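Q: Give me a model of this one.
(2 chains)
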There are 2 protein chains.
Amino acid sequence: MKNFVPTERTKVRRKPDRGSYDRELIYSILDEAFVCQVAFIDNGLPVVVPTNYVRVGDKLFLHGSTASRLMKTLASGAPFCLNVTLLDGIVCAPSATGHSVNYRSVVVMGKAEVVEGETAKLAAMRDFVEYVIRGRWATVLPPTEQELKGTLVLAVPLVEASAKVRAGFAVNDEKDYSAPGWTGVIPMKWVSQPPVPDPRGNPAISAPANIQHYSRPQ
Amino acid sequence: MKNFVPTERTKVRRKPDRGSYDRELIYSILDEAFVCQVAFIDNGLPVVVPTNYVRVGDKLFLHGSTASRLMKTLASGAPFCLNVTLLDGIVCAPSATGHSVNYRSVVVMGKAEVVEGETAKLAAMRDFVEYVIRGRWATVLPPTEQELKGTLVLAVPLVEASAKVRAGFAVNDEKDYSAPGWTGVIPMKWVSQPPVPDPRGNPAISAPANIQHYSRPQ
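A: Next up is the predicted model:
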């Protein structure tokens, strides 16, 4: 299906003009990042934890230690809510309250499914590595049986999802522009810096182009 | 008090060696950002929403429309959990499972207090603007009475807080380094780009130095 169907839970209520259920937009935001914040309920209290994810088709994978509270809670079928936010800029308006931030944000709600079976888990682990750095899997040691056993992999079907986006300049009235402050947007961006070699690594092995100049999506 | 006292809820359980309750460290992480993710419970389900914050002394301020679900929920005294995560780099290890991210993360738990009174609200609004761009308040139109009425300001006392930090290279065994992949860290950073003037702004007003070359903390 081209677009997500807004549900009671994913419908954007505040500033609905910023809301979108467009699958392509939502996937483009997800694919620019690889860290999300996952909220769940623990002992009746809300908890939010940052974690890595990878999008593969119409699902996300999460993974972590079998001892992790986040993993154990989600594996139990508890409901969660996940957010990815890319900060794109600071909007300098002529009035204090006109100030804003430009951002692209995605919310995913649902329940996770435990990925069972060594082959499926191994495939997801490969996806994790390749999602963050394409081509890397072939150059590193695969997970051992022990490591696979100690890792919980969760699949999150992308069923309930929405995006919220703000872009552009201030939306103040024309008359406000007589204020003496500079107006405009300060663009912000996540960027990579030149890679720093591990002192224990082989100095004869040089970093491939996508590590030398890392950018997202891969 | 120099350090936060770990509680049942803020104690770092997974990889406790990465945990810290050092007030100076926690404040330095908070002050590098101005966007957090706030988790709360709505109709029995966990929800996470990105929002702006400002730290002033031993509290955070949040603000938003009186119509915002986040604001209304927190104003009711409902428990929340707030996370700020700075992604510092990608750790390229010789093994798949050795890969990691370097990050600095803060979790704050508690209940918010509604800031009442026009003077206190106005002061918090000033803090918001000055926290994001120092010196800006004097150059912009102050909030109108109507705008102040429509804005809910919440104070979050910094009582339950913890940090979690990972830095440095992979921690693999020496023997793993015979794998053929490059090892090291790809540093990542939020950076500002050259500011883009609002086409409706006065071209004779030039951006001050901290907007021309925006960096955090301000």
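Q: pull the longest helix from chain A.
A: For chain A, the longest helix by residue count, based on DSSP state H, is helix A:118-132.
Q: What are the buried residues along it?
A: A:121-122, A:124-132 (16 or more other CB atoms under 10 Å in any protein chain shown). Quick note: C-beta positions are derived from backbone N, CA and C, even for glycine.
Q: ok, now stretch A:17-24?
A: A:19-21, A:23.
Q: now the buried residues of helix A:118-132 as TSV including distance to chain B?
A: TSV is the format used below for those (distance: CB to the nearest CB, whole Å):
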residue	distance to chain B
A:K121	11
A:L122	9
A:A124	11
A:M125	6
A:R126	8
A:D127	11
A:F128	8
A:V129	5
A:E130	10
A:Y131	11
A:V132	6
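Q: what about A:L86, how many neighbours?
A: A:L86 has 19 neighbours, counted by other CB atoms under 10 Å in any protein chain shown.
Q: Next one: it from B:A33, what distance?
A: Shown here: A:L86 relative to B:A33, a distance of 13 Å by CB to CB, to the nearest Å.
Q: Ok, A:R9 next?
A: In this view, A:R9 and B:A33 are 27 Å apart by CB to CB.
Q: Over to A:G181?
A: 23 Å.
Q: quick one, phi/psi of A:P6?
A: phi -60, psi 130 (degrees, to the nearest 10).
Q: From what I see, it and A:Y21 are in contact.
A: Yes: taking CB atoms under 8 Å as the definition, A:P6 is a contact partner of A:Y21 at 5.4 Å.
Q: shared neighbours of these two, which are they?
A: Overlap of the contact sets of A:P6 and A:Y21 (by CB atoms under 8 Å, 6 or more residues apart in numbering or on different chains) consists of A:S162.
Q: could you dump the longest helix of chain A to CSV, C-alpha only?
A: Taking Å, rounded to 0.1, in the frame of the first residue of the first chain, the C-alpha atoms of helix A:118-132 are listed here in CSV:
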residue,chain,number,x,y,z
GLU,A,118,19.6,-19.1,13.7
THR,A,119,19.3,-18.4,10.0
ALA,A,120,16.7,-15.6,10.4
LYS,A,121,18.7,-14.1,13.3
LEU,A,122,21.9,-14.2,11.3
ALA,A,123,20.2,-12.6,8.3
ALA,A,124,19.0,-9.7,10.6
MET,A,125,22.4,-9.3,12.1
ARG,A,126,23.8,-9.0,8.6
ASP,A,127,21.1,-6.4,7.8
PHE,A,128,22.2,-4.4,10.9
VAL,A,129,25.8,-4.2,9.8
GLU,A,130,25.0,-3.6,6.1
TYR,A,131,22.4,-0.9,6.9
VAL,A,132,24.9,1.1,8.9
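Q: Excluding covalently adjacent residues, which one is nearest to A:Y214?
A: A:S192 (3.7 Å; CB to CB, 6 or more residues apart in numbering or on different chains).
Q: my guess is A:R136 meets B:G181, correct?
A: Yes: shown here, A:R136 and B:G181 form a contact pair, counting by CB under 8 Å, at 6.4 Å.
Q: what residues do those two have in common as contacts?
A: Listed contacts common to A:R136 and B:G181 are B:C92; contacts here mean CB under 8 Å, 6+ apart.
Q: Would you map the helices across chain A?
A: Secondary structure of chain A (DSSP H): helices at A:23-32, A:69-75, A:118-132, A:145-149, A:209-212.
Q: one step back: A:R136 and B:G181: who's more crowded?
A: Neighbours were counted for A:R136 and for B:G181 using other CB under 10 Å; B:G181 has more, 26 against 21.
Q: got the contact list for the more buried one?
A: A:136, A:139-140, A:205, B:92, B:94.
Q: Please report which of those has the highest neighbour count.
A: Using other CB under 10 Å as the neighbour criterion, B:C92 leads those with 29 neighbours.
Q: Across the sheet, point out what pairs with that residue.
A: Following DSSP bridges, B:C92 is listed with bridge partners B:G184.
Q: Quick one, grab the pLDDT at the nearest residue to A:E24 once chain neighbours are set aside.
A: Among residues not flanking A:E24 along the chain, A:K2 sits closest, at 8.0 Å (CB to CB, 6+ apart). On pLDDT, A:K2 comes in at 80.
Q: So what's the residue count around A:K2?
A: 7.
Q: Hmm, it is touching A:I26, no?
A: No: A:K2 is beyond contact range of A:I26, at 11.2 Å (criterion: CB under 8 Å).
Q: Format the helices of chain A as TSV; extra columns: mean pLDDT.
A: Listed next are the helices of chain A as TSV, based on pLDDT from 0 to 100:
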stretch	mean pLDDT
helix A:23-32	97
helix A:69-75	96
helix A:118-132	97
helix A:145-149	95
helix A:209-212	97
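Q: mind checking which of the ones you listed is nearest B:G57?
A: Nearest of the helices of chain A to B:G57, taken as CB to CB: helix A:69-75 at 31.2 Å.
Q: In the closest one, which residues are buried?
A: Applying 16+ other CB under 10 Å to helix A:69-75 flags A:70-71, A:73-75 as buried.
Q: which other helices and strands contact that helix?
A: strand A:35-42, strand A:45-52, strand A:59-65, strand A:151-157 (3 or more CB pairs under 8 Å, 6 or more residues apart in numbering or on different chains; DSSP states H and E).
Q: Please identify which of these is closest to A:M188.
A: strand A:35-42 (16.0 Å).
Q: so does the closest one get close to chain B?
A: Yes: counting by CB under 8 Å from any CB of the partner chain, chain B is contacted by strand A:35-42 at A:35, A:37-41.
Q: low pLDDT regions in chain A?
A: Chain A contains residues with pLDDT under 70 at A:1.
Q: same thing but at 90, please
A: A:1-3, A:5, A:7-18 (pLDDT under 90).
Q: can you pull the contacts of the nearest residue to A:V153 once chain neighbours are set aside?
A: Nearest residue to A:V153, sequence neighbours excluded (CB to CB, 6+ apart): A:V115, at 4.0 Å. A:V115 makes contacts with A:61, A:121, A:124, A:153-155, as judged by CB under 8 Å, 6+ apart.
Q: mind checking how far A:V115 is from B:Y21?
A: As judged by CB to CB, A:V115 and B:Y21 stand 35 Å apart.
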